[in-house]
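Asks: here is my input; please provide its structure:
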Amino acid sequence: MKERKVKNQEAVGFKECVGVTALSTVGGLSSIFMSALFMQYMTDYAGLGAWGATLATVLLLVARIFDAVDDPIQSYIMDNAKIGKHGKYKPFFMLSIIMTAIGTIALYSLPEGITDSPVLVGIWVIVFYLFYDIGMSFNNANLLYRTMTDDTNERSKLVIGPRLWVNVLGIIGAAMIIIVVAIYNVVGNYHTAFTILVSITIGISAAISVIGWFMVKERHIVRQEEGEKIRISEFFQLLKVNKAMVVHFVKCLFSGFIWMMLFATPAYYVKWGYCTNLATGEVDMAKFGMYSMFVTLMMLVPLVVGAVIATPLMKKIGSPIKMTQTLLIAQAVGGGVLFVAQILGILRSSPWLFFGGMFIMALAIGTDFVPQCTVEMEIMDYTIYKTGKDRSAMTSVLNTFLQKAQSAVSSALIGVILIAIGYNVDSVTGDYAGDLANIPSMLNWFIVIMGLMPAILGVVSCLVYRFYPIDNDVRTDMRKYIEEHNA
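Replies: Model (predicted):
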């Protein structure tokens, strides 16, 4: 008699997978706008001139100082929340949708009437950047995934849908400059074109995220003693008892910069390296739109492929840590290819070599996303296992802050270079209006940021993970403990 297969009680359904995927829409699209286009919008199209580069650079750095205080407080609020009708962490995702959408739209809708006043511009940008920033801090998807199931493989299923969807949005985002150019042909102003595009796309994405919010449910919320209050000081205690969290943080301290640096520079490199007449500073905007699309495709298509192959590859290798170490070396190789090609003087004449180096790095990064998310969720489990308390938000606060800090530093490096060379672009035409002789040196520095530095960081990160303490025996014990204390 054929033995009946036992149903996995921790399996996630189609509705839940669709829900978390839809929920990721506004955060994913806002991140694309803010990481790929915000600096360029401020410097080239907001009508601010050199002040745009200075403001954006200072803002991104100062905001990280704010995050150093704010992120632990937000984590404290989330961990200290009572279990209600919609769960413990889920209500904060609705708040995230609202704040992220308002902040992103406002940042790309800078009123032209205040662009002549540095003070008013500064106030506008700071206020709405904080809206965006706080909203994104509440959007910690791994918190939600951890409470939806405690099965590692099922958690990886929840990760894949949003990852693929955000990459699809990124592929659509590859055509954003082309769309901006099309809108410009109608309205005659790039500043207005950006405002129209961002307002429509972010508004639609927020509505999709709200629909997804209603489709997900938390199932594993660890019991909290009545009257128990969480203290912010417990965050520092976690640094002592959770070695896995510390090792992972140190690894991310290095590896997290790879993606941020890779993504911070290509739009500038292709614009001034492949699409500009260095004798006049005139930019071929049609060519730039096409190359911008290629840049995004060379980054996002391999991310999609990586997300698809990651779970079966992780099962075959048997360890998310070993898998990540291999992929870090691949990222280092891709960065090294770009840097060497630039030094040899062949990268400027071969855009497809440029795209190829990016493809290698992006494929390794995309494949690494799923094992990294499972590692972050098991570190949350490890906190519960070691302390007997659910401090998942506090456990993840270091990485949340680190990711934003790395994004800011990467963008700030670009800003420092632009300020140093007296970067100046006509906000109406998009042509270069500064000293053209500085462009070759600027391109060299861009490749140092997106090539040489990631190559070094990849090797160092691989070595750090040798100290990670969680093995399969510990994973089994953690799962048993959490099942026994489920609320």
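
Asks: and F194, what element?
Replies: helix 190-213 (DSSP states H and E).

Asks: let me fix that, I meant to ask about S30.
Replies: Going by DSSP H and E, S30 is part of helix 25-32.

Asks: show me what that helix is packed against.
Replies: The contact analysis (3 or more Cβ pairs under 8 Å, 6 or more residues apart in numbering; DSSP states H and E) places helix 25-32 against helix 90-107, helix 118-137, helix 152-173, helix 190-213. (Glycine included, C-beta is placed from N, CA and C.)

Asks: what sits against I456?
Replies: The contact partners of I456, by Cβ atoms under 8 Å, 6 or more residues apart in numbering, come to A332.

Asks: one step back: ok and the helix holding S30 relative to helix 90-107, angle-wise?
Replies: Relative orientation of helix 25-32 versus helix 90-107 (axes from the mean of the first three to the mean of the last three Cα atoms, to 10 degrees): 40 degrees.

Asks: select the helix or strand of the chain having the lowest average pLDDT value.
Replies: In the chain, no helix or strand scores lower on mean pLDDT, DSSP states H and E than helix 392-420, which sits at a mean of 70.

Asks: re the thing from before, any idea which of the helices and strands packed on helix 25-32 has the lowest pLDDT on average?
Replies: When the helices and strands packed on helix 25-32 are ranked by mean pLDDT, helix 152-173 comes last with a mean of 78.

Asks: what helices or strands is that one leaning on?
Replies: helix 14-23, helix 25-32, helix 141-148, helix 285-317, helix 351-387.

Asks: average model confidence for the very next helix or strand once past it?
Replies: Downstream of helix 152-173, the first helix or strand assigned by DSSP H and E is helix 176-187. Mean per-residue pLDDT for helix 176-187: 85.

Asks: from the chain's centroid, how far away is helix 176-187?
Replies: Between the centre of helix 176-187 and the centre of its chain there are 26 Å (Cα atoms, centre = their mean, to the nearest Å).

Asks: can you pull the buried residues of it?
Replies: For helix 176-187, the neighbour count (16 or more other Cβ atoms under 10 Å) marks 176-181, 183-184 as buried.

Asks: okay, angle between it and helix 25-32 too, please.
Replies: Put simply, helix 176-187 runs at 90 degrees to helix 25-32, going by the same axes, to 10 degrees.

Asks: for G335, which residues are in contact?
Replies: 258, 262, 357, 361, 450-455, 458.

Asks: so can I have TSV of the helices and strands packed on helix 152-173 showing mean neighbour count, mean pLDDT and distance to I211?
Replies: Shown next, in TSV, are those (neighbours: other Cβ atoms under 10 Å; pLDDT from 0 to 100; distance: least, Cβ to Cβ, whole Å):
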stretch	mean neighbour count	mean pLDDT	distance to I211
helix 14-23	20	90	6
helix 25-32	25	90	9
helix 141-148	24	84	16
helix 285-317	19	82	22
helix 351-387	22	88	23
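
Asks: nearest to P162, out of the ones you listed?
Replies: Closest to P162 of the helices and strands packed on helix 152-173, according to Cβ to Cβ: helix 14-23, at 5.2 Å.

Asks: specify the angle between that closest one and helix 141-148 in degrees.
Replies: Using the same axes, to 10 degrees: helix 14-23 against helix 141-148 is 160 degrees.

Asks: got the CA positions of helix 14-23 in PDB?
Replies: Extracted as PDB, the C-alpha positions of helix 14-23 are listed here (Å, rounded to 0.1, in the frame of the first residue of the first chain):
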ATOM      1  CA  PHE A  14      -0.500  30.700  -3.600                       C
ATOM      2  CA  LYS A  15      -2.500  33.600  -2.100                       C
ATOM      3  CA  GLU A  16       0.200  34.300   0.400                       C
ATOM      4  CA  CYS A  17       2.900  34.300  -2.200                       C
ATOM      5  CA  VAL A  18       0.900  36.700  -4.400                       C
ATOM      6  CA  GLY A  19       0.200  38.800  -1.300                       C
ATOM      7  CA  VAL A  20       3.800  39.300  -0.300                       C
ATOM      8  CA  THR A  21       4.700  39.900  -3.900                       C
ATOM      9  CA  ALA A  22       2.100  42.700  -4.400                       C
ATOM     10  CA  LEU A  23       3.000  44.100  -1.000                       C
END
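
Asks: who does it touch, helix- and strand-wise?
Replies: helix 141-148, helix 152-173, helix 190-213.

Asks: centre of the chain to that helix, how far?
Replies: In this view, helix 14-23 has its centroid 20 Å away from the chain centroid, taken as Cα atoms, centre = their mean.

Asks: what's that helix in contact with?
Replies: Contacts to helix 14-23, defined as Cβ under 8 Å, 6+ apart, come from residues 93, 141, 144-145, 148, 157-158, 161-162, 164-165, 208-209, 211-217.

Asks: for ChimeraX, what selects the buried ones among the residues you listed?
Replies: Typed into ChimeraX, the line below selects the buried ones among the contacts of helix 14-23, using 16+ other Cβ under 10 Å:
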select :93,141,144,145,148,157,158,161,162,164,165,208,209,212,213,215,216
